[in-house]
Every structure is written in structure tokens, then in C-alpha cells.
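S.K.: build me a model:
(2 chains)
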Amino acid sequence: MKDQVELVSGNRAVARGALDAGCRMYFGYPITPQTEIAEYMSMVLPEMNGVFLQAESELAAINMVYGAAGAGRRVMTTSSSPGISLMMEGLSYLSTAELPCVIVNVMRGGPGLGNISPAQGDYFQAVKGGGHGDYRTPVLAPWSVQESYDLTRTAFDLADRWRNPVFILLDGLLGTMMEPLRAREPIPERAAPSWATTGMFAREPGDRAPRSIYTLHMPEGALTEVNRRLQAKYQEITREEVRYDEHFTEDAEVVVVAYGSVARSALQAVRIARQQGRKAGLFRPVTLWPFPEEALGSLSEKVEKILVAEMSSGQMLEDVRLAAAPSCKIDFLGAMGGELIYPGTILARLLEE
Amino acid sequence: MTAHNFETSATNTWCPGCGNFPLLNAVKTVLKELSEGESPTRPENLVMVAGIGCHGKIADYLNINSFYSIHGRVLPVATGIKLANPDLEVIGFAGDGDAYGEGLEHLIFAAKRNVDITVIVHNNRVYSLTTGQFSPTSPPGFPGRSTPAGSPEVPLNPLELLLASGATFLARGFSSQPEQMKEIIREAINHRGFALVDILQVCVTFYNLHKYYAERVYTVEDHDPGDYFQALQKIREWDYGASSGGEEQEKIPLGILYKKEAPTFGQRLSAGGGGSKSATPADREALIEKILANNI
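M.R.: Below is the predicted model of the structure:
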């Protein structure tokens, strides 16, 4: 089974990645276009002695994640844009309490109910915050079914390594399209970490005290200390966890910066542009936070122009502007309302002088 | 092995005379007994979840594993903990604003699922931490600081709502009757399934109902808590002042009002239960294989 190539959707790949990472707890609430993840988990988790719970709301789901993560289990929730908005409360607390969990957003068109088509309008929410307070969450953005599986597995490891919630951003196109997937050897769930609200107690000399999980820090200076510790951790994550992908950038004059499914259109456009004599390249951030600032900064010194393509009004665009050299021209190609960005549209912009 | 010390060194900041003191003492006494009795609920397996409000400080005053959660979210957090580790004994503490307002949907669903947790509601019928606004159980006309002309709303009868929602253990206590509180809390913790204890907890600063309650409460006798309709009748005997507006002939029943044995959510999820479709371990393996190979 493990050496076979299977044809599956991005949604299934996420679910499969979580299972193979040893995740046995899932809480969620149905919402298009990601309900397939919940359905898959509901089929398989009960057979694996796991827990699948369809919660009364996304608010409930994220708080169940909060409790389960605190009790030391690998746990995941998934939703799509409006549902993720409801989870922002819990995310702020999970981040501050430093509990690991994985949250997947299969983005759809917004704002409001929007529609159920693919979009990337939740970049700010995932990358810049969304909940209250000074917190950060690593954000992984796959561009294929295989990478949806791989990065879901990675997300659990990052969550544990940094004791932090980790976001995975897909869009409706990636979630619902099918591609070959090669799953890797599954691992069993790790044991409950030493900080979990369980067991071990000060009954015998040398035992540890009861565990407390809390996010209220009232004594003078206490909250400042907590924030300093969190910021130091975020800086370390920024140094160690940046991931990105480059195609044809070595001699590129113009580079498209795109993530997720838009990067697929971009790569196609880049290939055609090259056939037509335009030296184009693709720079694809894989971690949206931490953003590959340095790599993009150096690249921007060598190219004439950067074209940012994303299915939003220009959210990642702001991070590209912050990263790029002042000498580099930055162009933008956006799509809103659940419209896709096709290779031809990007190609036309690449061929412009 | 030494007996566990449930005390903490934290300075208690509840107002002198607050109904939370006897409630905390009752909980401590019960936990101590349970940890030392014949079938001990081991202290290391106790986890309390507190919400936000005056009651929430209990997390600082009780020396057990604790989770100081989010306003209104005690129930989903407690549910997550219990499902993550069924060996843990999970006790939720919440206020009336917390459980019956901000997080009411969660309370109904925890009851409906019959999650094996205990919830103790410090029902002082006022928002005290924010200094005196009306709550979901304040009576009509309540002169809170956000209702200068008196509350325009009628109170919720949480026990009636939870009975209808499928709770399997419902009880009411009064913070000035510590012995009865202990008995109720002990029974609630021992109950397998969702147990809710509504404690009429006197707030001496913003809504002192001590005398009002003392004149009206009585302990139920000759009551069969296993009988749904008897329970409903007892629960409806007092509607938190919704219709009477606090008339003198009101009587407030205290004690265990409803109790029923039913499979818990965890039991229904566990292997061989409703959660698994497979009859044997071999069937399970085969089904997992099939699902993972994407043949289903």
C-alpha cells in the first residue's frame, strides 16, 4: 500500500498526511469546500481507536482542539474561510498557551459568505494574526496534492518542535482536485509530552507539581515577560523554518511570486514565456510565515521586475514589497471573488515590456 | 505515600463573605475524600477547567491539574480533554454568564452527547467580575449597571433547558448549605455521564440573595430523580423569578433533581461501539487498508 501511487484529492491528502503523522483526534464542522476531510476522518478514525467529533460550531471545534492539545494529543481541525474566522478566538489562546495543533484552511471566496470557489483572501488572517494579541503561527502553503500530504506531516512536527499552532493554507482548487499521491511510512502517535495536563503529580518527593494551562498574566511585568519569550521563539522560527521553491530564477529578468494553486499557473506561464524568449522565473514561498524575505530580497536585486500573482486584492503583495530591493519594479496581478488566475493571463503580463 | 495537599499558596481575592468560599471548600473536601476512599479518584488524574469570571480564580486555589480556559468555552475544552485522555476526571467550573450566556450552545451539546464530565456552575445571577451587569439568570427588572431601568429580559431556567437537552444528572445546591453541596458534588463526580450542578452562589457585593434564598429553599424528599416527569415538575417549581418576580410564596427545591444511566459519548465512540463499523479486529484492519488505499 505504502509504495503505491494513488489518485486522490488535496483534501484527502491532508487527511491522509495527518493520519500518517500519528494524528488520532479530529474536531470540525462541515463547510464547503473541505468537508471531504471531515468525512474521511469520520470513516477511518473510529477504526483506529481515534476520536472524530463533529462539533456544534467551529468555535466549539477549536476549543476541543485546545483541550485535547493540552492533554497532550496530536490533534487537527480543518475548515474553510468563514469557519476559520470563528476559530480565531481559540487560535490566540492556543498560541499564547503554546500548545501544538494543526489548523487547515481550504480557502474560498470572501469576504462574508462570499462563495465556494478557490481564493487566497485569508492570507492576512493566517499570516498577520486574525485573533487578538501579538502572536504568530507558521503558515504552510502547498501547491500540489503530494505537497498537501507532505506539508501536513511537516506541520505536526513543526507544531511539536515549536509548541505552537501551525496553519496550512490550501485553496478550494487544491482541496478538490485529484493528483497522484505517494504516501510515506506512517508513524504512530507520539507519547503525551511532559507538559500535558495528565498524570505525574507531587505525591512523592521529586515528582512534579500539577500542570496548569492559562493565558492570564496579571502580576506586573508578567505579560511582558510572556510576550518577550514568545517573540524570541518567533524570531527563532523565522531563522530556522523558512521554506521556498524556485524555478528558472538563475538568469531570470522577470520573476513571478505566487503560492498555492496560482503558482501552478505561474510555472506554466514561465515555461511558455521562456519558449518565446522571455527570461522568466518563479519564486514560490512555501512558508508564508516566516516569509522568505532574505531569499526574495537577494533575488529582487538581480531581476528587473517581480510580478506578484495571487487570488486576492494584494495581500502577499505587501510582504513582497517589504522584502524586495527598492530598485526592483513590482507589478501585481490579482483575482477576487473566486476567479482563478490562468496561465495565459500571467503570460500576457510576463511578455509586456 | 503522603496525602495530597489540595491547598495552594495563592492569595484569595474573592470578597469576604463570597459564596465561592463554601463552594471551594465543598469541592476540596469531596476531592480529598475521593482521593483517599476505597476507589480513589487519584489526584494526578484530576483536571479542572475554569471559565472566566469571579469563579475562574478557583484555578489558583485548588492544587490540581488545571486549565484556565476561555469565557464560555469550558465545555468544549473539557470535552477535548476527556476524549484525549479518558482516564482523566474532568471537572468544569463556570459562571452563569459563562455557561448560560457566552457558551450556552456548548452546554447544550455536552449534555446532548452525554460527555462524561462534571460541570459546576457558580450561579450568582449577576456579572460580578465586571461589577454588576445582568446575567442570563437575573430576574426581570434586575437593576444592574447596564440596565438602569431594570432588566427587560426574563431569566433562563438552565435546569429545564438541560433536562430537555439530554443531561443525565441535574442538581441544584445553595452556597450557604455546605453539607448538601458536598453530597451533590460527590454524586455528580461519581456519575458516569454529563453532570451539571447549578449552585445558587451568593454574591455579597453585587447581588446579595442570601436572605431571599434562605427563606425559600428546601431539600427535595420523596422525589424520584429517575423519573423524567417528576424531575421536570421539580425543576419547573422555581423559574428563577421569571414569572413571580420574587414573591414570598416561591419555593426553591434543592438536591439531585434528575439522574439517569445512559452510555457516555466516550463509550459510544470506543472500539466495538457505534464509532466502529467493524465486528472484529481483522475487519478493522481490512477496512482501514481499504480506506487508506482509496478504495472507498
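S.K.: quick check, pLDDT for A:Val102.
M.R.: For A:Val102, the model assigns a pLDDT of 98.
S.K.: now tell me what touches stretch A:218-234 from outside.
M.R.: A:Ser95, A:Thr96, A:Glu98, A:Asp134, A:Tyr135, A:Arg136, A:Trp162, A:Asn164, A:His217 (Cβ atoms under 8 Å, 6 or more residues apart in numbering or on different chains). Every C-beta, even on glycine, is put in place using the N, C-alpha and C of the backbone.
S.K.: for it, give the mean pLDDT please.
M.R.: Across stretch A:218-234, pLDDT averages out at 96.
S.K.: buried set for it?
M.R.: Judged by neighbour count (16 or more other Cβ atoms under 10 Å in any protein chain shown), stretch A:218-234 contains these buried residues: A:Leu230, A:Tyr234.
S.K.: and the contacts of stretch A:218-234 as TSV, adding neighbour count, distance to chain B and secondary structure?
M.R.: Shown next, in TSV, are the contacts of stretch A:218-234 (neighbours: other Cβ atoms under 10 Å in any protein chain shown; distance: Cβ to the nearest Cβ, whole Å; DSSP: H, G, I helix; E, B strand; the rest coil):
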residue	neighbour count	distance to chain B	secondary structure
A:Ser95	23	13	helix
A:Thr96	21	11	helix
A:Glu98	19	14	coil
A:Asp134	13	18	coil
A:Tyr135	21	15	coil
A:Arg136	21	20	coil
A:Trp162	20	20	helix
A:Asn164	22	18	coil
A:His217	14	11	coil
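S.K.: list the contacts of residue 89.
M.R.: Unless you meant another one, I'm taking chain A. Neighbouring residues of A:Glu89 by Cβ under 8 Å, 6+ apart: A:Leu59, A:Ile62, A:Gly131, B:Ile70.
S.K.: the intended chain is chain B.
M.R.: With contact set as Cβ under 8 Å, 6+ apart, B:Glu89 has these partners: B:Thr41, B:Asn45, B:Leu46, B:Val47, B:Ile189.
S.K.: so what's the residue count around the fourth one?
M.R.: A count of nearby residues for B:Val47, using other Cβ atoms under 10 Å in any protein chain shown, gives 29.
S.K.: how about it, phi and psi?
M.R.: phi -130, psi 130 (degrees, to the nearest 10).
S.K.: excluding chain neighbours, what is closest to it?
M.R.: Using Cβ to Cβ, 6 or more residues apart in numbering or on different chains and skipping residues adjacent in sequence, the residue nearest B:Val47 is B:Asn65, 4.4 Å away.
S.K.: which element is the most centrally placed residue in chain B on?
M.R.: Nearest to the mean C-alpha position of chain B, by Cα atoms, centre = their mean, lies B:Val119 at 2.3 Å. Assigned by DSSP states H and E, B:Val119 belongs to strand B:118-123.
S.K.: near chain A, anything from that strand?
M.R.: No: Strand B:118-123 lies out of reach of chain A by Cβ under 8 Å from any Cβ of the partner chain, never closer than 13.6 Å.
S.K.: can you give me the offset of that strand from its chain's centre?
M.R.: Offset of strand B:118-123 from its chain centre (Cα atoms, centre = their mean, to the nearest Å): 3 Å.
S.K.: can you check stretch A:315-323 too?
M.R.: Taking Cα atoms, centre = their mean, one finds the center of stretch A:315-323 at 17 Å from the center of the full chain.
S.K.: before we move on, the earlier item: could the contacts of B:Glu89 be laid out in JSON lines, adding distance to A:Ser80?
M.R.: Putting the contacts of B:Glu89 into JSON lines (distance: Cβ to Cβ, whole Å) gives the following:
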{"residue": "B:Thr41", "distance to A:Ser80": "41"}
{"residue": "B:Asn45", "distance to A:Ser80": "38"}
{"residue": "B:Leu46", "distance to A:Ser80": "38"}
{"residue": "B:Val47", "distance to A:Ser80": "32"}
{"residue": "B:Ile189", "distance to A:Ser80": "40"}
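S.K.: most surrounded residue in those residues?
M.R.: That'd be B:Val47 among the contacts of B:Glu89, by other Cβ under 10 Å, with 29 neighbours.
S.K.: distance of the residue in the stretch 1-150 of chain B positioned nearest to chain A from A:Phe27?
M.R.: The stretch 1-150 of chain B approaches chain A most closely through B:Gly80 (2.6 Å), counting by Cβ to the nearest Cβ. For B:Gly80, the distance to A:Phe27 (Cβ to Cβ, to the nearest Å) stands at 7 Å.
S.K.: so what sits against both of these two?
M.R.: Joint contacts of B:Gly80 and A:Phe27 (Cβ under 8 Å, 6+ apart) are A:Met64, A:Val65, A:Ala68, A:Val75.
S.K.: which of the helices or strands spans the second one?
M.R.: Using DSSP H and E, A:Val65 sits in helix A:58-70.
S.K.: so what's the closest residue to chain B within the stretch 51-200 of chain A closest to, chain neighbours aside?
M.R.: The stretch 51-200 of chain A approaches chain B most closely through A:Gly67 (2.6 Å), counting by Cβ to the nearest Cβ. Distance criterion Cβ to Cβ, 6+ apart; nearest residue to A:Gly67, sequence neighbours excluded, is B:Gly80 at 2.6 Å.
S.K.: in terms of secondary structure, what does the helix or strand hosting the one you found contact?
M.R.: Take DSSP H and E as the rule and B:Gly80 turns out to sit in helix B:74-84. On a contact count with 3 or more Cβ pairs under 8 Å, 6 or more residues apart in numbering or on different chains; DSSP states H and E, helix B:74-84 meets strand A:25-28, strand A:51-54, helix A:58-70, strand B:46-50, strand B:89-95, helix B:104-113, strand B:118-123, helix B:265-269.
S.K.: what average pLDDT does it get?
M.R.: Helix B:74-84 comes out at a mean pLDDT of 97.
S.K.: please name the strands paired to the helix or strand bottoming out on mean pLDDT in chain A in the sheet, noting orientation.
M.R.: One helix or strand of chain A scores below all others by mean pLDDT, DSSP states H and E: strand A:212-213, with a mean of 88. If you go by DSSP bridges, strand A:212-213 pairs up with strand B:65-68 (parallel).
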